[in-house]
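Trainee: Sequence first, predicted model second:
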Amino acid sequence: MTALPAGRVSAAALLTLPWCLLLVALALLQPATDANWLAADPILGFFPHAVNVWGVPALGLVLALVWVARARPSAQDLRWSLVRAAAGVVSAGLIVGTIRWISGPLPPPFIPTEESTAPGILLGLNAGVGEELIFRLMWVPILFWALERRMPKMPAMALTAILTGVVFSVVHALGPGDPPLAWHISRCLLPGALMTFAFLRLGPAFLITAHFAAHIWIPLLFR
């Protein structure tokens, strides 16, 4: 059995839909300011603002439909994913809370600006949802399943994580701005490689939801 069952990826894709609805509500009720856009994730710099704001929720809906058509999740997949999603929300809160306790009210300097409160909840969450849709629900399954057919599961997972980390960092580096080297390294290691490994090892719903929830916890706990 594959380490990444398609039914669980499909269930995780469905669980992105409430977050996509939250993005739509935020865009209508609390639009991003110019200052928010200046501090936003470089990945949002590839497209016009309106495309980012409305395109990410639309992509979430499309991917959910595509995954359900490819592998309709069973009731067991949905229950398993809901439990992992709840654990992801709690885990993100504990991790962000620990960083807040150690570093104080400001995020540590090695954390890129887009991970702070500066972009606001809308753009922070928009970038997080977009990254999960593009990297974890599109790129990672294709890459991992291709590697898994050629090598044992653990090496396939490790190589998928490494390659995703590199691609993740490169894509951000191509965006606007000239960030310090520490940011490239942290993007490659944490949201790129480590979070991809967690996606494969702990489950798609856990990692995706933890990433989304982090963009809620950060504005609540930092300034």
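Mentor: That came through fine.

Trainee: Mind giving me the packing neighbours of the helix or strand of the chain with the lowest mean pLDDT?
Mentor: Within the chain, no helix or strand scores below helix 181-187, which has a mean of 82 by mean pLDDT, DSSP states H and E. Helices and strands touching helix 181-187, by 3 or more C-beta pairs under 8 Å, 6 or more residues apart in numbering; DSSP states H and E, are helix 153-173. All C-beta atoms are positioned from the backbone trio N, CA, C, and that covers glycine.

Trainee: So which residues make contact with the helix it packs on?
Mentor: Contacts of helix 153-173 from elsewhere in the structure, counted by C-beta atoms under 8 Å, 6 or more residues apart in numbering, are 2-3, 41-43, 131, 135, 139-140, 143-144, 147-148, 150-151, 179, 184-185, 187-189, 191-194, 196-197, 200-201.

Trainee: Drop anything exposed from those residues.
Mentor: Among these, those scoring as buried are 41-43, 131, 135, 139-140, 143-144, 147-148, 179, 184, 187-189, 191-193, 196-197, 200 (criterion: 16 or more other C-beta atoms under 10 Å).

Trainee: In this structure P204 contacts F135, no?
Mentor: No. With contact defined as C-beta atoms under 8 Å, P204 does not count as touching F135 (11.8 Å).

Trainee: Can you pull up the most central residue in this structure?
Mentor: By C-alpha atoms, centre = their mean, the chain has its centre lying nearest to E132, at 3.6 Å.

Trainee: shouldn't that residue be in contact with A210?
Mentor: No. When contacts are counted by C-beta under 8 Å, E132 is not listed as touching A210 (10.1 Å).

Trainee: what are the ranges of the helices in the protein?
Mentor: Ranges of helices in the chain, per DSSP state H, are 6-15, 17-29, 34-38, 49-70, 75-103, 120-131, 140-148, 153-173, 181-187, 195-201, 204-221.

Trainee: Nearest to I111, out of those?
Mentor: Among the helices of the chain, the nearest to I111 by C-beta to C-beta is helix 181-187 (6.7 Å).

Trainee: what's L194 in contact with, if anything?
Mentor: Contact partners of L194, counting by C-beta under 8 Å, 6+ apart, are 161, 165.

Trainee: ok, now how distant is it from I142?
Mentor: According to C-beta to C-beta, to the nearest Å, L194 and I142 sit 20 Å apart.

Trainee: before we move on, what about P119?
Mentor: From P119 to I142 the distance is 29 Å (C-beta to C-beta).

Trainee: Could you check which of the two has the larger neighbour count?
Mentor: P119 (27 against 10; other C-beta atoms under 10 Å).

Trainee: Hmm, that one is touching P42, no?
Mentor: No. P119 lies out of contact with P42 (C-beta under 8 Å); the separation is 11.0 Å.

Trainee: And the pLDDT at M1?
Mentor: We have a pLDDT of 60 for M1.

Trainee: Then the one 4 residues further on?
Mentor: Reading off the confidence values, P5 has pLDDT 94.

Trainee: Let me see the backbone angles for it.
Mentor: Here is the backbone geometry of P5 (degrees, to the nearest 10): phi -60, psi 140.
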